[in-house]
Structures are given as structure tokens and as C-alpha cells.
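S.K.: Mind looking at a prediction? Sequence and model below.
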Amino acid sequence: MPVNIPQGLPARVRLEAENVFTMPEDRADRQDIRPLQVAMVNLMPTKEDTETQVLRLLSNSPLQVEFTLLRMGSHESRHTSEEHLRTFYSTFDEVAGENFDGLIITGAPVELMEFDQVDYWSELVEIMDWSREHVFSTLHTCWGAQAGLFHHYGIPKYELGSKMFGVFEHEVLLPHSPIVRGFDEGFAAPHSRHTSVAREHVDAVPGLDVVAVSLEAGVYLVTSEDQRQIFVTGHPEYDRDTLRTEYERDVLRGLPVSVPAHYFPGDDPAGLPRMRWRSHAFLLYANWLNYYVYQRTPYDLSMISGAE
């Protein structure tokens, strides 16, 4: 999808270098269509990396997207410059009166904290409640998926004995679900988390469907029957080197971290990781945008709250 990316956003330069199609604002203005309005609540500490990763996945479709970056007004970022945040991000208060076709809520490195111990939890709850009336479909990833399942459906997370860390094989359980249209029966996806949700807890909630699982990593993809909520427990947006960077960081910190599973050739950290999840990551985001957003969102965004 040609994404209308603000001039000056570092992600634009990186994506153009990869031959990813981005759309200049003057060209976007000349297209006689209503662009999809997609916002992302970026909770990741390395915000510029996440911007690039997600924008890359939103880029591969013929429709136009207006992309809005949101940050927590109740949280001070320690890893992204205030200048970058002021230039490219809005706070929730600044967009609370607007409507969006789609919303992405990212993961965050806070899994081991209780939800209500996270300093921006109240603000995130407000955003999730707001999304029911102001957003047609919301895609939650990693901790964002756990937060959404807990807040909207009361599904708890639980702590794992060791970090779920690596690239794992997954099985599609509901091949006729639009979110996995075109998927192979099995596919790989990265995970990096200390907590999980139990499948029996998801299965016990009417209106939720477990679409894909992993024997090692557990529940991966959950959708609501009304297609307004999508939950992905992993990190399909990750780059080739993201898990390696996390591993090397934790080793330097002296943390008890294992080599990411099924990631390095021969489990040797000196090797170059194989990128074997990108095609399904592109397809996941393209399916969400097409079947859950574009095909179903009212043309008049003010009618979202009454849409079925």
C-alpha cells in the first residue's frame, strides 16, 4: 500500500532504500480517493525501528494510507528523542475527537508487570475503550495483544518459566478466516516475550476464534467474530536482526537469556539469521487492511460506531 509518510520521518529514507513504495504528499493530494486513516499506538522503546518495520508491512497494496503516530502522554520515552516525538507523534488527547479506519497497538517490554502497574495503563485503557466507537478494526501485537485480550475480554496473562524467544512454526486452524487468506498451512513467526495467554481461556470466551497456534509458542492469532479486534501474540514485523540485537543487548546486561530458538543457523550466534517470516508478515497486514478495514469500513468515518 502506498503510505503517505511525512517528509523527514527517518523511516521514509530507509524504506525508499529498500525499494519500498512510499507516496509523496503532493501525489497523495492528487489522488481522487479517500485514503484509509490508520493510527499506531507505538509503545515500543525503539520507536524509529518499529515505525520502519510496520510502515514496510503497510506498503504492499494499491490503496492509499494516511498514517498517524500516537504516543502515551502519560509516559516519558527514554529511548526516542523528544524532538522526534514532537515532530512526528500526536498524543491521544489531540486525536480523541477523530475517527480511524484502523488502529495498531504495538507490544511493549512490560510483560512482567501487572497491567495496572504500567504507568500508562489508564491512558491505554481509555484508548482501547475509545477505539470501540472511533476505530473500525484494531490490530494488537505481542503485549498489546495481551493487554487487549485482558481489557476487552478478561483473559489473563501468565508468566512463562523462561522467555519465549526465537522464530517458531505455527499452524493455521481456521483456513477460511480472511486474516489468513493465502497463508500456507504452516508458517514461521518471531516471538520475544516473558508471558503468554492460555488457549483454554481464549476458547472459553464466546465471540473469539483462535485462528493460528504454535506447538512451542502457544496461541498466536485470535480474531473477534465481528472482525473489529485482531490479536497477534508475536512480532511479525521484526527485521532479520531484531532478535539478534535483543539477544546481544541482554548478554551485555548479564541477563539470563538463551540463544533465540530456530533463528541462527545451527543455533550459532555468529551466523547470519535466516529471514523466513517476511512473506507471511506482509500477507497478515495486507489481509487486515483489505478484509477487515477497507472492505468493511463506512466511507463516512463518523458512522463507525454504528457499523456492523
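M.R.: Arrived safely.

S.K.: Where do the helices of the chain begin and end?
M.R.: 10-17, 25-30, 47-58, 82-88, 92-95, 121-134, 143-153, 199-203, 242-252, 278-287 (DSSP state H).

S.K.: Mind telling me which of the ones you listed the model trusts least?
M.R.: Ranked by mean pLDDT, those bottom out at helix 25-30, with a mean of 48.

S.K.: Next, count neighbours for S61.
M.R.: 19 (other CB atoms under 10 Å). For every residue, glycine as well, the C-beta is placed using N, CA and C.

S.K.: Would you confirm that it contacts N290?
M.R.: Yes: applying CB atoms under 8 Å, one finds S61 in contact with N290, separated by 6.8 Å.

S.K.: Who does S137 form a beta bridge with?
M.R.: G102 (DSSP bridges).

S.K.: Contact partners for it?
M.R.: Contacts for S137 were tallied using CB atoms under 8 Å, 6 or more residues apart in numbering; they are 101-103, 227-230, 288, 292-293, 296-297.

S.K.: From K47, how far out is L252?
M.R.: 21 Å (CB to CB, to the nearest Å).

S.K.: count of neighbours near L252?
M.R.: By other CB under 10 Å, neighbour count at L252 equals 8.

S.K.: How about the one 3 residues further on?
M.R.: For L255, the number of neighbouring residues by other CB under 10 Å comes to 10.

S.K.: At which residues are the strands of the stretch 101-250 of the chain located?
M.R.: 135-141, 158-172, 186-196, 208-214, 218-224, 229-232 (DSSP state E, counting those that start in this stretch).

S.K.: Would you reformat those as TSV and include mean pLDDT and distance to L284?
M.R.: As requested, the strands of the stretch 101-250 of the chain are exported to TSV (pLDDT from 0 to 100; distance: least, CB to CB, whole Å):
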stretch	mean pLDDT	distance to L284
strand 135-141	97	9
strand 158-172	97	11
strand 186-196	97	9
strand 208-214	98	10
strand 218-224	98	8
strand 229-232	98	7
